[in-house]
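**Student:** Output the structure for:
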Amino acid sequence: MTERRVRIVAPEPHYTLFDSTRNDLPEIIVVNDALLAFQHHEIFPWHLEINIQAEELVERGMPSPDESKLLLEIGDMIESAIEGKNALFLARSTWDGLRQLSFRVHDPELANDTLQSLLADKPNTRFWEYRMHHDPEWQEAGYIFSLFPLANGPDG
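**Tutor:** Residues are numbered from 1 along each chain as shown. Sure, this is the predicted structure:
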């Protein structure tokens, strides 16, 4: 019996920035809008959300400029460790003292092992945690994708 392989090419990331509100607090969210047209949801059926706790906050729960820079460095370190063949970057959100990173994941065990290794090996300058759950219909991405009619009007 021959083994059949299918090669899926993830779309080149393209980002859209939104200024929004969540629970009456300001939110800044960057979305990889290339995933709007991604057809192979079944290959990345797991939703991963990483929360990084900010410490130096200014107005209405937003991080100071220095804190924002640090959160970006931590997020980039996490993203570079898990992204690639196993995970697709979905969004980065900042609100209410949190930096939230959202990904779509193919192999949850590999992502979990990588994140556990990061938590154990790297000196953490900020507390961070993650949760991952099976979401084959991409319902968790629905909130993020629902921002696009706001950017393009009701017919966008």
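
**Student:** quick one: least confident helix or strand in this structure?
**Tutor:** helix 148-152 (a mean of 61; mean pLDDT, DSSP states H and E).

**Student:** Please identify the helix or strand for the spatially most central residue of the chain.
**Tutor:** Nearest to the mean C-alpha position of the chain, counting by C-alpha atoms, centre = their mean, stands residue 102 at 1.9 Å. Secondary structure assignment for residue 102, by DSSP states H and E: strand 98-105.

**Student:** can you count the residues close to the closest residue to residue 79 other than its chain neighbours?
**Tutor:** Distances taken as C-beta to C-beta, 6 or more residues apart in numbering put residue 89 closest to residue 79, at 6.2 Å, once the chain neighbours are dropped. Placement of C-beta: from N, CA and C, glycine included. As a burial measure, residue 89 scores 21 neighbours (other C-beta atoms under 10 Å).

**Student:** could you dump whichever helix or strand comes after the strand holding residue 102 to PDB, C-alpha only?
**Tutor:** Next helix or strand after strand 98-105 toward the C-terminus (DSSP H and E): helix 108-121. Extracted in PDB, the C-alpha atoms of helix 108-121 (Å, rounded to 0.1, in the frame of the first residue of the first chain):
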ATOM      1  CA  PRO A 108      -1.300  19.800  20.600                       C
ATOM      2  CA  GLU A 109       1.300  17.600  22.200                       C
ATOM      3  CA  LEU A 110       4.100  19.200  20.300                       C
ATOM      4  CA  ALA A 111       2.900  22.700  21.200                       C
ATOM      5  CA  ASN A 112       2.400  21.700  24.800                       C
ATOM      6  CA  ASP A 113       5.900  20.200  25.100                       C
ATOM      7  CA  THR A 114       7.400  23.300  23.500                       C
ATOM      8  CA  LEU A 115       5.500  25.700  25.900                       C
ATOM      9  CA  GLN A 116       6.300  23.600  28.900                       C
ATOM     10  CA  SER A 117      10.000  23.600  28.000                       C
ATOM     11  CA  LEU A 118       9.900  27.400  27.600                       C
ATOM     12  CA  LEU A 119       8.200  27.800  31.000                       C
ATOM     13  CA  ALA A 120      10.900  25.500  32.600                       C
ATOM     14  CA  ASP A 121      14.000  26.800  30.800                       C
END
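
**Student:** So that it lines up with my notes, have the first residue be 24 from now on.
**Tutor:** Got it, first residue is 24 now, which makes that one helix 131-144.
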